[in-house]
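Q: after the sequence you'll find the predicted model.
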Number of protein chains: 2
Amino acid sequence: MTYDDNAGKRLGEMEAVPSGPAKIADVAAFAGVGVATVSRVLNGRANVADGTRERVLEAIKTLNYTPSSVARNLSLKRTLVVGVVTPFLTNPSPIERVRGIVTALGESEYDLALFDVESPGRQRRAFRLLADPHRTDGLLIVSMVPPVDEVARLQLAGIATVLVDGLVDGLPAVVIDDVDGGAMATRYLLELGHRRVAFIGDKPPDGFRHQSTGDRTAGYLRALAEYDVPVRPEYLREGTHSRHVARSIAEELLRLPERPTAIFAASDTQALGVLEAARALGIGVPDELSVIGFDDIEIASYAGLTTIRQPLFESGLRGAELLLAALAGNPPSARVETLHLDLIVRGTTRPPA
Amino acid sequence: MTYDDNAGKRLGEMEAVPSGPAKIADVAAFAGVGVATVSRVLNGRANVADGTRERVLEAIKTLNYTPSSVARNLSLKRTLVVGVVTPFLTNPSPIERVRGIVTALGESEYDLALFDVESPGRQRRAFRLLADPHRTDGLLIVSMVPPVDEVARLQLAGIATVLVDGLVDGLPAVVIDDVDGGAMATRYLLELGHRRVAFIGDKPPDGFRHQSTGDRTAGYLRALAEYDVPVRPEYLREGTHSRHVARSIAEELLRLPERPTAIFAASDTQALGVLEAARALGIGVPDELSVIGFDDIEIASYAGLTTIRQPLFESGLRGAELLLAALAGNPPSARVETLHLDLIVRGTTRPPA
DNA sequence: GCCTGGGTTGGAACCGGTTTCAGCGATCTG
DNA sequence: CAGATCGCTGAAACCGGTTCCAACCCAGGC
C-alpha cells in the first residue's frame, strides 16, 4: 500500500506529492527498486541489470531528479571544493593565474571557492576557513607565501595544497626562476650597452610574504656582477606593486644627478609607472631611457613595453592540474615545477645614446 | 576524579582517540552532555545553562573541533554557496565587478563559486550546474543576459538570482543607464564642437547576449539628434570587446575620405585600440582626433583617456548585497538599481582644430 | 537432482550535523 | 503542600545520499 509512506510521516501533510525536489527515495519508489540500486545507476556501477537500469533512468527523467551534492559529499566525506586564496585581485597577474585555474577546474568535478585577501587580517581569516577539511578538499595558494603556522595547520588537516607563484618547503609548487628572470632582464640592458641600470623591486605590503622580489633583485645583482658593473645603492629601489608608487620612485631616480639610462621594473604594472614618470619629466623613451618590465600582462603590448614574459595563465592551469592529480591520489609528491621565461623585445629599449 | 571521563568510554575502544577529526558526538561525550546541547551552544541558542555551556566550549577547544559545514548544510537544506557566472574574465570590467562581489561575500557566511564562461557551451553547462538547488543558494550573473529558458529553470528551482550589468524581466538587477551614458559621451564630444563623431560598439560574441551595446548606440544616436547632426552609417561600427578588433575598425574609420574628428568607443579597452590605430597612422591625439571611452578601468588613467566612469566594483558589491538580503528573506522584490555615471575628462579630448 | 557460484538486489547502517519532543528538577502559585 | 509552569537537557528522527552485507535467483558442474 502506498499509503504506508505517508502514514509513516508526520500527520497533517495533505499533499501526497513529495514537497520539494525529488530525492533518491522517490526515484527508487517510482522505479520499484531500492535506493541502493538507484545509487548504483547514478554512479555508473556495472552490476545492475540492463532492464533495471533502464527503468531507473526513466524514473530519473520523469521525476526530473538531480542528486544532492551536499548529501553526496557528506556520505563520501569530500567537499568537491577547491579553495583559491590570492591577494590583490587588483593586479592583473594573479587574475591571469586564477583564469588558468578556473579553466582547469572547469573540466573537473570540483568547484572553486575564491578568497581574495587584501589585508593580513582577511588572510588569516581565509586560512582559518580553508584549513577546515570539512570545507575544502584542496587549496591553491596564488602569488603569496602562507604563514608557516598556517602551512602546518594545512598539513595537519591533510588538505592537499599547491602553491602557484610561491614556494614553501614540502609543498608542491608551480614557479618561475625569478633569479634567472631578473638576470635575463638586466643582462639584456647590459648587452645593449647600458651601464647605469636601476632596479625597482616589488615589495609586498606588510603582513604578506612573497619571495619573487628578493630573487629578482638577486638576478639583477648577479647580472651586474657578470658584467663587472658596480652596484649603486641609489639605483636599487623598492616599492609596492603599484603604478603610482613606481612612478614616484622613478621620478626620484630620474632626478638623480647621474640618472640611470635604463630601468628594470619588477613588474609590468610598475614599468608603466616608470613610463609615466619619464613622460611627466619629458624624458624620451627609449631615446633617453630604456625600460623593461616583467610578466607580459595584456596591456604591455599596448604600451609597447619590452618585458620578460612568464606564463601566467599556464601557471594557474598547471597548478590546478597538480592539485587535481593529488586529489585523485596519484602523485603525492612535493615537486616544484618551473615554467619557462621569454624575453619579449618591444619598443621601450634601445642602446644608450 | 578525572578518571571518570575515560572510564565512561574505555570499553571496546582500544584507540581511545577517535580516528579522524572530532565530531559533535565526540564533543558531547567529552563534555558529558548530549549532542543537542552541543549543537545549541554552537548555534548560540539561549536556553543552555551557563555552566554547561562553559564545559562544552572547553571540550570544543581541547578537541580542536570544527563543525562540518557539509553535514550542517545537509541538515539545514542550504548550501551556503553563491554562484557567480560571468563571461570573459579576460576583460578588466567583469573582474572589478567580481572583486566587489568577493568583498561583499567576504563579510557573510557564504562562499563564492566562480564560473567563467568563455563559450556558449560552457555557459550552458554552468547554468545547468548552478540551477541545481542542491548546489547553490543564490546566483549572481555578471555582464551577461542569461538565455530565457535558463532563467525559467532558475525561477522554477527557486534560486535567488541577481543580475549585475544585465537586465531580465522579473529579476532584480544592478545596472547603469547605458542610453544615458552613451548620450553623455557623445554629447560631450558635440559640445566640444565635433560634428564628425564616430562610434564603435561592443558586440558580444555569438551565443552571448548583453544589451548595453544596443543601448549605448541608442544614446549616441539620441545625442546626435539633439544636436541636429545627421547620422552617417559609415561612422557607426561594431566589434567585439577587444583592443585589436577595435584597432582595425578605427584604422578603417581613420582612412575614410572624410575621417571623423572624434571617436566614441563603447569601452575603454576598445578606446585603447583606437589610440593604437591613431598612433599607427600618425594621427595626433587629441590634436587631430578626440577619443572617449567607457568604464574607467584602471589603465584608463595611465593612458590619459577621457571616459565615462561607471562604478564597476560597486556594482558587484551592491549586487551581492541585494542577493544576501534576498537570501536572508528580506526583500523578495525585483527591483532594478541604477548606478551613477560620471564624465571623466582627461587628455584624449579637445575641440576640433 | 543438488550444490556451488556469480550476478542482482534491497535493507539498514552510516556520514555529521539540527531539531522535535518528552522528561526532568526547580520554582511559582494558590 | 499539591499542582502548574518554566528552563534545561538528551534520545531519536531527520536531511539525502553511499555502501556493506545478506538474501535471492539462476545457470553450470558433478
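A: Structure's in. What do you need? Numbering: from 1, shown residues only, chains lettered A, B, ... in the order given.
Q: contacts, neighbours, all on C-alpha from now
A: Noted.
Q: tell me the secondary structure for the closest residue to residue A:157 other than its chain neighbours?
A: Beyond its immediate neighbours in the sequence, the residue positioned closest to residue A:157 (Cα to Cα, 6 or more residues apart in numbering or on different chains) is residue A:133, lying 6.2 Å away. Here residue A:133 takes the coil state, with states given by DSSP: H, G, I helix; E, B strand; the rest coil.
Q: count the residues that sit near residue A:133.
A: The local packing of residue A:133 (other Cα atoms under 10 Å in any protein chain shown) involves 23 other residues.
Q: quick one, phi/psi of it?
A: When read as degrees, to the nearest 10, the backbone of residue A:133 gives phi -60, psi -20.
Q: does it touch residue A:161 like I think?
A: No: under the contact definition of Cα atoms under 8 Å, residue A:133 does not touch residue A:161, with a separation of 11.8 Å.
Q: confirm residue A:163 sits in a helix?
A: No: applying three-state DSSP, one finds residue A:163 to be strand, outside a helix.
Q: wait, what's in contact with it?
A: If a contact means Cα atoms under 8 Å, 6 or more residues apart in numbering or on different chains, then residue A:163 has A:140, A:141, A:142, A:143, A:171, A:172, A:173, A:174, A:319 as its contacts.
Q: ok, now how distant is the closest residue to DNA strand D within the stretch 251-353 of chain A from residue A:109?
A: Sorted by distance to DNA strand D under Cα to the nearest atom of the strand, the residues of the stretch 251-353 of chain A start with residue A:328, at 14.1 Å. Plainly put, residue A:328 is 11 Å away from residue A:109 if you go by Cα to Cα, to the nearest Å.
Q: for residue A:342, what are phi and psi?
A: Taking degrees, to the nearest 10, you get phi -130, psi 140 for the backbone angles of residue A:342.
Q: what do you get for residue A:258?
A: The phi/psi pair for residue A:258 (degrees, to the nearest 10) reads phi -110, psi 90.
Q: and it, how many neighbours?
A: When neighbours are counted by other Cα under 10 Å, residue A:258 registers 9.
Q: show me what contacts it?
A: With the criterion set at Cα under 8 Å, 6+ apart, residue A:258 makes contact with nothing.
Q: for residue A:183, give me its contacts.
A: Contacts here follow Cα under 8 Å, 6+ apart; on that basis residue A:183 touches A:216, A:218, A:219, A:220, A:221, A:222, A:223.
Q: got the buried residues for the host helix or strand of it?
A: Under the criterion DSSP states H and E, the helix or strand holding residue A:183 is helix A:178-191. Buried residues in helix A:178-191, counting neighbours by 16 or more other Cα atoms under 10 Å in any protein chain shown, are found at A:178-190.
Q: okay if I get the contacts of residue A:163 as CSV plus pLDDT and secondary structure?
A: Supplementary listing: these in CSV, determined by pLDDT from 0 to 100; DSSP: H, G, I helix; E, B strand; the rest coil:
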residue, pLDDT, secondary structure
A:140, 94, strand
A:141, 93, strand
A:142, 94, strand
A:143, 91, coil
A:171, 89, coil
A:172, 92, coil
A:173, 94, strand
A:174, 96, strand
A:319, 96, helix
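Q: I'd like to know which of these are buried.
A: When neighbours are counted using 16+ other Cα under 10 Å, the contacts of residue A:163 contain these buried positions: A:140, A:141, A:142, A:143, A:171, A:172, A:173, A:174, A:319.
Q: let me know the closest of those to DNA strand C.
A: Compare each of the buried ones among the contacts of residue A:163 with DNA strand C using Cα to the nearest atom of the strand and the shortest gap goes to residue A:140, at 23.8 Å.
Q: pretty sure that closest one contacts residue A:322?
A: No: checked against Cα under 8 Å, the pair residue A:140 and residue A:322 is beyond contact range at 9.9 Å.
Q: so residue A:190 versus DNA strand D, what's the distance?
A: Relative to DNA strand D, residue A:190 is positioned 61 Å away (Cα to the nearest atom of the strand, to the nearest Å).
Q: tell me the confidence at that residue?
A: With respect to pLDDT, residue A:190 has a value of 98.
Q: what sits against it?
A: Listed by Cα under 8 Å, 6+ apart, the contact set of residue A:190 reads A:197, A:224, A:227.
Q: got the buried residues for the helix or strand where the second one lies?
A: I take that to be residue A:224. For residue A:224, the enclosing helix or strand under DSSP H and E is helix A:212-226. Along helix A:212-226, the positions that meet the burial threshold by neighbour count (16+ other Cα under 10 Å) are A:212-224.
Q: now, which of the residues you listed sits nearest DNA strand D?
A: Of all those, the one with the least separation from DNA strand D (Cα to the nearest atom of the strand) is residue A:212, at 42.7 Å.
Q: that older thread, overlap in contacts of residue A:140 and residue A:322?
A: Listed contacts common to residue A:140 and residue A:322 are residue A:162; contacts here mean Cα under 8 Å, 6+ apart.
Q: and the strands in chain A, which stretches?
A: If DSSP state E is used as the criterion, the strands of chain A fall at A:81-86, A:111-116, A:138-142, A:160-164, A:173-176, A:197-202, A:236-239, A:262-265, A:290-295, A:306-309, A:336-339, A:342-344.
Q: if you average pLDDT over the second one, what comes out?
A: Model confidence over strand A:111-116, given as mean pLDDT, is 83.
Q: need the residues that contact it.
A: When contacts are defined by Cα under 8 Å, 6+ apart, strand A:111-116 is touched by residues A:80-89, A:102, A:105, A:126, B:99, B:102-103, B:106, B:111-114.
Q: same question for the first one.
A: The list of residues contacting strand A:81-86 from outside it, by Cα under 8 Å, 6+ apart, reads A:94, A:110-117, A:126, A:130, A:135-144.
Q: run the chain-centre distance for that strand.
A: The gap between where strand A:81-86 is centred and where its chain is centred comes out at 8 Å by Cα atoms, centre = their mean, to the nearest Å.
Q: angle of that strand against strand A:138-142?
A: Angular relation of strand A:81-86 and strand A:138-142 on a 0 to 180 degree scale: 20 degrees, by axes from the mean of the first three to the mean of the last three Cα atoms, to 10 degrees.
Q: residue of the stretch 151-300 of chain A closest to DNA strand C, please.
A: residue A:157 (13.1 Å).
Q: surely that residue touches residue A:132?
A: Yes: counting by Cα under 8 Å, a contact exists between residue A:157 and residue A:132, whose distance comes to 7.1 Å.
Q: the two: which is more packed in?
A: Of the pair residue A:157 and residue A:132, residue A:132 is the one with more neighbours under other Cα under 10 Å, namely 21 against 15.
Q: tell me if stretch A:37-54 is near DNA strand D.
A: Yes: applying Cα under 7 Å from any atom of the strand, one finds stretch A:37-54 touching DNA strand D at A:37, A:38, A:39, A:40, A:42, A:43.
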